[in-house]
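Q: Test case, fold it:
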Amino acid sequence: MCSGKGVANKRTKVNKAWIANERGFSFAEVCVVVLISVFLLGSLYTVLITGNNSWEISRDRLELHQYLRTATDWMRKDLRQAGSSTIVGVPADGAWYTSITFQAPSTVTSGSVVWAAAVQYAIGGTDNQQLIRTVGAQQRVIAQRFNALQFRRQAASSTVVEISATVQKNTPQHGLITMTRTTQVTLRN
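A: Numbers count the residues shown, from 1 in each chain. Predicted coordinates for the structure are as follows:
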C-alpha cells in the first residue's frame, strides 16, 4: 500500500518539473500579439464609424423624404378638388410660379357649385423654410426644411398642375443633403 506521504511527494515533483519547463513569452511574440490586436481593434472601429455614418445619413434622408411626402400628399388632396377656373397666380402658360391659390367646392346648391374659402400654398415661416397652407386667415405649417416650391400649368392641359418641391438639410458630418420631388395633379372640377 502507498502511504499518503508518498503520493504527496510525487505530486510535488510533477508540479516542480512542470514549472521548471514553463517559459515566458518572448518580446517578439508579445509585439506580434499587440500588433494583431491593434489591427483588429482598428478594423472594428472603422466598421463601427462607417455604420454610424451610414445610419445618420439614412436618418436625415428619411426625414427629408417624409417632409416631401407629407407636403405633396396635402397639396395633391386639396388640388384634386380645385376648379381650373378658381386657380389664381398660376396661369396655364407653362411657366413656374412659387405659390398657388385656389378654391375647392364646398357644396352644390340648385345645380350650382358653391366654392369654399381660398386655399394657398407657399413657402414662409421660420427662416423662410416652411410649407405654409393658408385657408382664409388661418395658417398651418405642413412641412419643414423647404428650399423651393414651384407650380405650373401647361396651356394644352390646364387641368393638370405640376408641383416641384425641394427640401434640404445641412449636416456637419455630411454637408448639404437635398431632395426634390415632382408630381402632377389632375383637377376634378
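Q: Helix, strand or coil: sort out the most centrally placed residue in the chain for me.
A: With distances taken as CA atoms, centre = their mean, Leu62 lies nearest the centre of the chain, 1.9 Å away. Put simply, Leu62 is helix when judged by DSSP: H, G, I helix; E, B strand; the rest coil.
Q: Can you give me the distance of it to Val167?
A: To Val167, Leu62 is 12 Å away according to CB to CB, to the nearest Å. Glycine gets a C-beta too; all of them are placed from N, C-alpha and C.
Q: Next secondary structure element downstream of the strand or helix carrying Leu41?
A: For Leu41, the enclosing helix or strand under DSSP states H and E is helix 27-80. Once helix 27-80 ends, the next helix or strand along the chain (criterion: DSSP H and E) is strand 100-102.
Q: Let me know the average pLDDT across that following strand.
A: Regarding strand 100-102, the rounded mean pLDDT is 95.
Q: which other residues reach that strand?
A: 78-79, 82-83, 86-90, 118-122, 151, 161 (CB atoms under 8 Å, 6 or more residues apart in numbering).
Q: List buried residues within the residues you listed.
A: With burial judged by 16 or more other CB atoms under 10 Å, the buried subset of the contacts of strand 100-102 is 78-79, 82-83, 86-87, 90, 119-122, 151, 161.
Q: is it possible to export the residues you listed to CSV including pLDDT and distance to Val32?
A: CSV is the format used below for the buried ones among the contacts of strand 100-102 (pLDDT from 0 to 100; distance: CB to CB, whole Å):
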residue, pLDDT, distance to Val32
Asp78, 93, 70
Leu79, 93, 70
Ala82, 90, 75
Gly83, 84, 80
Thr86, 90, 80
Ile87, 93, 76
Val90, 95, 73
Val119, 94, 73
Gln120, 96, 72
Tyr121, 96, 67
Ala122, 96, 67
Phe151, 97, 68
Val161, 96, 70
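Q: taking those as a set, which two sit the farthest apart in space?
A: Based on CB to CB, the longest span within those runs between Gly83 and Ala122 and measures 19.6 Å.
Q: about what we covered before: pull up the per-residue confidence for the residue nearest to the centre of the chain.
A: 95.
Q: Please report how far it lies from Ala118.
A: If you measure Leu62 against Ala118 using CB to CB, the figure is 34 Å.
Q: Check Ala28 too.
A: To Ala118, Ala28 is 83 Å away according to CB to CB.
Q: what does Asn128 give?
A: For Asn128, the distance to Ala118 - CB to CB - is 22 Å.
Q: just Gln168 next, same as before
A: For Gln168, the distance to Ala118 - CB to CB - is 29 Å.
Q: Apart from its neighbours in sequence, what residue is nearest Thr186?
A: Nearest non-adjacent residue to Thr186, counting by CB to CB, 6 or more residues apart in numbering: Val160, 5.5 Å away.
Q: Thanks a lot, see you next time.
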